[in-house]
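>>> Sharing a model that was predicted from the sequence below.
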Amino acid sequence: MQAMDLTSTSYDEVLYPAGLFPQTHPDRLATTAYLRGLSPAPIQRCRVLELGCGAANNLVAMAFQLPESEFVGVDAARIPIASGQSLAAELGLRNMTLRAMDLCDRNLEKFGTFDFIVAHGVYSWVPDFVRERILQICRDMLAKEGIGYVSYNAYPGCHFRDLVRHMMCFHTQKFEGVSEKATQARALVKFMAESRKKPDYYTEAFHTQLGRIVKYGDESLYHDDLNPFAQPFYFHEFMEEAQRHDLQYVGEAVLDSSDRAQFTPEALQRMRELDGANEIVREQYKDFLCGTGFRQTLLCKRELQLAAAFLEARIPDLFAMCDSVPLTDPETAGDSPVEFKTPGGGKFEISNPVWRTALCYICSQWPCAVSFEQILNEVRRRDPKNFTYSGSATEGAFIATALKESYALGVVSLRIRPPNVVNQVGERPAISRLAQAQIRLGGPIASQLHASMKVPDAAGRHFLSLLDGTRDVEALAAEMIAFTRSSGQDLLPGETDDKENLEEKVRQRVKNNLVSLMRGGMFVA
């Protein structure tokens, strides 16, 4: 097999922004596998391999959270790997190994087998022979019931992306430097979007893509859209390649979160008619309907026996989370539906009083995860007239069904292991040692939910640095008042210099920020 030149890569010359990807966490992968009938390794004692790990922020955060597990990251770029090794050394992590090496290097097999293999943001951006190698690694290096995660750009949604990407690649080939290429790429798309007196379907495609690329940093745009190897795939095409390597489909790391309200009843009915069809066919038609542009597919070895659908009997073994917010008080709703709002601004209604009570409880505990037994007990307490528990499994089965369906729709998150977080601001709030180290380095900060939080301003970073568990709210406010005075930071635009007013405003800002950080899963228990 052809090898890649490891002397220098474009990712050494132009560093890709480091990030965290919650969907790649072993808990997420293990949960889906468990619900399909597999017995994945316990995540607190597992082995994880990440291919194309970059600066390994994603892997370092996992290794920090799961000290009894083992993590290996490989990437062809030496500079990012060195950065990840430096962070791991600062944290004293002894459960991870980072190597700058070619994915096609046969020495990779010396690391042994893994319970989880992650290839995020790699498959669609490498040559064909490396894509082949990624699937071969999943086949050869996964443990018996291991799970592989492979993300890739997908059709049909990426047809629109390709429309502008090919033009950007052609236009920018004569320019030098990342910043100039990115500037010229955006300028071309903007020009095309505004080129007609009367907008039509063609210019609308450019408007949509312009809205996407203006949110990208120059480095991300350079690697993601101006990469000559970038290649999307239809889901069935990807699965044909996976099956050729004796791998089968387990599910998606990010479950369906499409807004069903936007589809006609006829469209939804036709999709329901596919419930009994081959899973690959069903998923492909769903992509057609939703215009899917990115997939995060989970694979396992072909010889394993998978359940045809999520096993309801396994739901009571898991923990539930939901960060939606009820817009009406369920206590006063009576028989009326309760409307919930998702963090992304979407809305949905729950009419059934038992499930309504259960979901309100789950949401009220965010960012903590609650056990199935906790949900049952709370529903019995809050709504005894609708939930007459008789010792049979009837009522529990109803909630298990509701949890399974809500999980499949992306409304509720299920986990094998609850995260180490709190849902109240403690007397002396503290963030993790990992987050403290990341503040000093100036990059994105990892929450206890394995998500990134960006803090662009000096005041925010200083505030986070104070959250080491030694200060109460008054001490934090006093420190921030002093910081505001000494640094001249404009924390309160439009406020006067009145001392009393400023101090009160800072105290209120500190309290609000603590609540926001708590909901973001930043505080450790």
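Received it, and whenever you're ready, just let me know what you need. Numbering: from 1, shown residues only.
>>> so where's this protein shaky on pLDDT?
1-8, 15, 257-259, 261, 385-393, 488-500 (pLDDT under 70).
>>> Please go through it and pick out the longest strand.
Counting residues, the longest strand found in the chain (DSSP state E) is strand 142-153.
>>> after that one comes which helix or strand?
Counting by DSSP states H and E, the next helix or strand C-terminal to strand 142-153 is helix 158-172.
>>> next one: that next one to chain centre, how far?
In terms of C-alpha atoms, centre = their mean, to the nearest Å, the centre of helix 158-172 is set 26 Å apart from its chain centre.
>>> By neighbour count, which bits of that helix are buried? Give me those.
Across helix 158-172, burial judged by 16 or more other C-beta atoms under 10 Å covers Cys158, Phe160, Arg161, Asp162, Leu163, Val164, Arg165, Met167, Met168, Cys169, His171, Thr172. C-betas here are computed from N, CA, C, even on glycine.
>>> so what secondary structure elements neighbour it?
Other helices and strands packing on helix 158-172, by 3 or more C-beta pairs under 8 Å, 6 or more residues apart in numbering; DSSP states H and E, are helix 178-193, helix 201-213.
>>> Now render these as TSV, adding distance to Arg380 and mean neighbour count.
Putting these into TSV (distance: least, C-beta to C-beta, whole Å; neighbours: other C-beta atoms under 10 Å) gives the following:
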stretch	distance to Arg380	mean neighbour count
helix 178-193	56	18
helix 201-213	47	15
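>>> Looking at these, which is nearest to Ser364?
With distances scored as C-beta to C-beta, the stretch of the helices and strands packed on helix 158-172 nearest to Ser364 is helix 201-213 (34.8 Å).
>>> Which strands or helices does that closest one pack on?
Contact here means 3+ C-beta pairs under 8 Å, 6+ apart; on that basis helix 201-213 packs against helix 158-172, helix 178-193.
>>> ok and the last one relative to helix 158-172, angle-wise?
The one in question is helix 178-193. On the basis of axes from the mean of the first three to the mean of the last three C-alpha atoms, to 10 degrees, helix 178-193 is oriented at 120 degrees to helix 158-172.
>>> in the longest helix seen in the chain, what's buried?
As assigned by DSSP state H, the longest helix anywhere in the chain is helix 499-519. Using 16+ other C-beta under 10 Å as the test for burial, helix 499-519 gives Leu502, Glu503, Lys505, Val506, Arg507, Arg509, Val510, Asn513, Leu514, Leu517, Met518, Arg519.
>>> Next: stretch 73-91.
Buried, per 16+ other C-beta under 10 Å, within stretch 73-91: 73-81, 83-85, 87-88, 91.
>>> nearest to Ala369, of these?
In terms of C-beta to C-beta, no member of these lies closer to Ala369 than Leu91, at 25.0 Å.
>>> and that closest one, backbone torsions?
phi -90, psi -10 (degrees, to the nearest 10).
>>> looking at it, it is touching Leu434, isn't it?
Yes - under the criterion of C-beta atoms under 8 Å, Leu91 makes contact with Leu434 at 6.3 Å.
>>> Nearest to Pro353 among the helices and strands packed on helix 201-213 would be which one?
helix 158-172 (43.0 Å).
>>> Okay, buried residues for stretch 416-434 please.
So for stretch 416-434, counting by 16+ other C-beta under 10 Å, buried means Ile416, Arg417, Pro418, Pro419, Val421, Val422, Val425, Pro429, Ala430, Ile431, Ser432, Leu434.
>>> Next, format those as a markdown table and append secondary structure and distance to Leu298.
What follows is the buried residues of stretch 416-434, written out as a markdown table (DSSP: H, G, I helix; E, B strand; the rest coil; distance: C-beta to C-beta, whole Å):
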| residue | secondary structure | distance to Leu298 |
| --- | --- | --- |
| Ile416 | coil | 14 |
| Arg417 | coil | 18 |
| Pro418 | coil | 22 |
| Pro419 | coil | 20 |
| Val421 | coil | 25 |
| Val422 | coil | 30 |
| Val425 | coil | 36 |
| Pro429 | coil | 36 |
| Ala430 | strand | 34 |
| Ile431 | strand | 31 |
| Ser432 | coil | 28 |
| Leu434 | helix | 26 |
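>>> Buried ones in stretch 12-30, by neighbour count?
For stretch 12-30, the neighbour count (16+ other C-beta under 10 Å) marks 12, 14-30 as buried.
>>> And it, end to end?
For stretch 12-30, the separation between the terminal residues is 33 Å (C-alpha to C-alpha, to the nearest Å).
>>> go on, stretch 308-324?
29 Å.
>>> Now do that stretch: distance to the chain's middle.
Computed by C-alpha atoms, centre = their mean, the chain-centroid distance of stretch 308-324 equals 18 Å.
>>> Likewise for stretch 101-108?
27 Å.
>>> Ser10 - how many residues pack around it?
15 (other C-beta atoms under 10 Å).
>>> contacting residues for Glu90?
For Glu90, the contact set (C-beta atoms under 8 Å, 6 or more residues apart in numbering) comprises Ala437.
>>> my bad, should have said Phe288
Neighbouring residues of Phe288 by C-beta under 8 Å, 6+ apart: Pro156.
>>> Are we agreed that it is in a strand?
No - the assignment for Phe288 by DSSP: H, G, I helix; E, B strand; the rest coil gives helix, which leaves it out of any strand.
>>> any idea how far Leu517 is from Ile431?
8 Å (C-beta to C-beta, to the nearest Å).
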